[in-house]
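Participant: the amino acid sequence is not available; the structure is as follows:
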């Protein structure tokens, strides 16, 4: 039976819905702050004071992101070129989906008092690599979904749908599973579902299996409705890999694409680091619990949902480039605000004891990060489509994945260095400002219409 274009688009959107919880629940708002708790306890047991333990916790988490980013950066373009040469993307999506599910599920065993942080970090990274590489291949299916004029709407709506899935998953997890470290209760005062033991943090640790099951269920529409064009033959792997050097060399003759890849390398690296640190920053600097961080995540994800949808509309009318510039400017200002915020002061001004203003400001930062981040990602995906074709999409999106990860070690490494040098998790995020600004400057050389013929 033929599958309609509308159903194919819906199936493609369901990947965003299914995969978003790895970012929302694991990377940022549930497992991220829980890992920060584990790491702080681990380093405090080794004799560190509270501030040093917080800094060491942040450094360990960013070091994990560094190693993960390097692996993705190496694999993305090579596998993309192989997929283009072979003419198949779906088998890769199946394979990396398996990595996603295994990596997420294994986080159940990240129990309090574990003798080493390594395995918790390893399995998180394993699943994260699967999620990122699967995303590269699903993005590479975009050129065959809609016309260029509709691409901004399709991309923005996809991100909005994904954020909606993320916020619903997070909301359900906070209501019925995530246990507060102090009370052992969920957000609405219940004991964790299915008799999970809050003393062993089983409610919070169930975020891994919860995320894995969410993905398994909601990827069904994707695999039922999304199809690749039929291909004959295809290049052998050796020939496809040999084309990678030629593809890299050809970038010199594609100056707008090259400028965009380098620009996005910096601002997307900074954005990914911002997401990765959101929950850990809330825990280490603001002293928030996993439950508080989760509520923060709901607020940010709701903002991202509506902003991505609206950004898609703006993208379709004004084009993706000005939308990206606007979003990155907002993110830069937000980081400056976070650097100057503590639980009892703002930009050096000491607030009255018990003031709720710091928490309110941080919630506002979450809204700005969610909204501007969602808009920047959706518009960047559109602008990348403007620079490629259906035949070359997997390879070009492999380069796009590479540009998002080639310096993925840079932001976490700079944050690790700044955090270690200052002994402050709050001041340690200062390098993000510079990375956002570098990306903005490099966008000057990017053509608003990409490599499409001028209209």
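Facilitator: Great, that's in hand. Just so it is clear, the structure is predicted and the values come from calculations on it, not from any experiment.

Participant: okay, CA-based contacts and neighbour counts for the rest of this
Facilitator: Will do.

Participant: report how many residues lie close to the nearest residue to residue 206 once chain neighbours are set aside.
Facilitator: Nearest residue to residue 206, sequence neighbours excluded (C-alpha to C-alpha, 6 or more residues apart in numbering): residue 108, at 5.6 Å. Residue 108: 19 surrounding residues under other C-alpha atoms under 10 Å.

Participant: correct me if wrong: residue 108 contacts residue 201.
Facilitator: No: with contacts counted by C-alpha atoms under 8 Å, residue 108 stays clear of residue 201, the gap being 9.8 Å.

Participant: tell me the predicted confidence for the residue nearest to residue 206.
Facilitator: Residue 108 is assigned 96 on the pLDDT scale.

Participant: show me the shaky parts of the stretch 51-200 of the chain.
Facilitator: Of all residues in the stretch 51-200 of the chain, those with pLDDT under 70 make up the ranges 84-87, 148-149.

Participant: would you map the helices across it?
Facilitator: 90-105, 118-139, 148-176 (DSSP state H, counting those that start in this stretch).

Participant: how about TSV for the ones you listed, with mean neighbour count and distance to residue 78 added?
Facilitator: Formatted as TSV, the helices of the stretch 51-200 of the chain follow (neighbours: other C-alpha atoms under 10 Å; distance: least, C-alpha to C-alpha, whole Å):
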stretch	mean neighbour count	distance to residue 78
helix 90-105	20	12
helix 118-139	22	11
helix 148-176	24	25
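
Participant: to residue 421, which of the ones you listed lies closest?
Facilitator: Closest approach to residue 421 among these is made by helix 118-139 (23.4 Å; C-alpha to C-alpha).

Participant: what sits up against the closest one?
Facilitator: With contact meaning C-alpha atoms under 8 Å, 6 or more residues apart in numbering, helix 118-139 is reached by 12, 15, 19, 22, 26, 61, 64-65, 68, 71-72, 76, 80, 89-90, 92-93, 96-104, 106-107, 109-110, 381, 394, 397-398, 401.

Participant: one more pass at 6 Å, please.
Facilitator: Helix 118-139 is contacted by residues 68, 93, 96, 99, 100, 103, 104, 110 when judged by C-alpha atoms under 6 Å, 6 or more residues apart in numbering.

Participant: and those as TSV, adding distance to residue 449?
Facilitator: Shown next, in TSV, are the contacts of helix 118-139 (distance: C-alpha to C-alpha, whole Å):
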residue	distance to residue 449
68	32
93	29
96	32
99	36
100	34
103	38
104	38
110	47
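
Participant: quick revisit: so which of the helices of the stretch 51-200 of the chain is nearest residue 450?
Facilitator: Nearest of these to residue 450, taken as C-alpha to C-alpha: helix 148-176 at 10.9 Å.

Participant: helices and strands around that closest one, which ones?
Facilitator: helix 5-21, helix 290-318, helix 357-385 (3 or more C-alpha pairs under 6 Å, 6 or more residues apart in numbering; DSSP states H and E).

Participant: compare those helices and give me the one nearest residue 151.
Facilitator: Per C-alpha to C-alpha, nearest to residue 151 of those: helix 357-385, 6.1 Å.

Participant: list the buried ones in that closest one?
Facilitator: Buried residues in helix 357-385, counted by 16 or more other C-alpha atoms under 10 Å: 357-359, 362-385.

Participant: angle of it against helix 148-176?
Facilitator: Helix 357-385 runs at 150 degrees relative to helix 148-176, counting by axes from the mean of the first three to the mean of the last three C-alpha atoms, to 10 degrees.

Participant: so how far is stretch 55-69 from its chain's centroid?
Facilitator: 15 Å (C-alpha atoms, centre = their mean, to the nearest Å).

Participant: oh, and call the first residue 36 from now on, that's how I've got it
Facilitator: Understood, numbering begins at 36; the last thing we discussed is stretch 90-104.

Participant: check which residues of that stretch are buried.
Facilitator: Buried-residue list, stretch 90-104, by 16+ other C-alpha under 10 Å: 90-104.

Participant: just the ones in strands from those residues, please.
Facilitator: Using DSSP state E, no member of the buried residues of stretch 90-104 falls in strands.
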